[in-house]
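>>> Got a predicted model here, sequence first, then my questions.
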Amino acid sequence: MSKNVQKLRLLALLLTPFILWILPANFLDGEGGIILCPSRRFLNIECLGCGMTRAIMHLHHFDFKNAAFYNKGSFLTYIVLIYVWGLWTKKAATSLSFYLFKNAK
């Protein structure tokens, strides 16, 4: 992968949390939208992941009440997402040989 692509990847990783904070917490709450979940669409049964995207967005804005309303599993999922985001960001920075991450393992 070229250095420019690596720089763009790192920039995208660093900007993602800020872009999500700029968007309103209810940005993904659209009423009457298309149902993408196959279990809800075809069987009319909510799965464990139903409401996860909306819950994560509310959790990202520290709206714990609505996050729990949409999906209680979002609290654990959000922690995992932060951890994975950190790993990806560290890997992207390391691939560019940033001095801050050179000695990190």
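Perfect, thanks for sending it. Remember, it's a predicted structure, so these values are computed and weren't measured experimentally.
>>> Chain neighbours aside, what residue packs nearest to residue 41?
Leaving aside its sequence neighbours, residue 41 sits nearest to residue 35 (C-beta to C-beta, 6 or more residues apart in numbering; 4.7 Å). Where you see a C-beta, it was placed from the backbone N, CA and C, and this is true even at glycine.
>>> For that neighbour, give its distance to residue 56.
The spacing between residue 35 and residue 56, counted by C-beta to C-beta, to the nearest Å, is 18 Å.
>>> which residues sit against the longest helix along the chain?
Longest among the helix segments of the chain by residue count, using DSSP state H, is helix 74-95. Helix 74-95 is contacted from outside by 1, 6, 9-10, 13-14, 16-17, 51-52, 55-56, 58-60, 67-68, 71, 100-102, 104, using C-beta atoms under 8 Å, 6 or more residues apart in numbering.
>>> Assign the residue nearest to residue 41 to helix, strand or coil.
The three-state assignment at residue 35 reads coil, by DSSP: H, G, I helix; E, B strand; the rest coil.
>>> mind listing what's buried in the longest helix of the chain?
Neighbour counts over helix 74-95 (16 or more other C-beta atoms under 10 Å) mark 74, 78, 89, 92, 93 as buried.
>>> Next: stretch 51-71.
51-52, 54-61, 63, 66-67, 70-71.
>>> Stretch 26-42 now?
Across stretch 26-42, burial judged by 16+ other C-beta under 10 Å covers residue 28.
>>> which residue is nearest the middle of the protein?
By C-alpha atoms, centre = their mean, the chain has its centre lying nearest to residue 81, at 6.0 Å.
>>> Against residue 56, how distant is that one?
Separation of residue 81 from residue 56 (C-beta to C-beta): 7 Å.
>>> ok, now residue 84?
Here the criterion is C-beta to C-beta. By it, residue 84 lies 13 Å from residue 56.
>>> and the residue nearest to residue 41, how far is that from residue 92?
The spacing between residue 35 and residue 92, counted by C-beta to C-beta, is 34 Å.
>>> same check, this time on residue 47
Counting by C-beta to C-beta, the gap from residue 47 to residue 92 is 32 Å.
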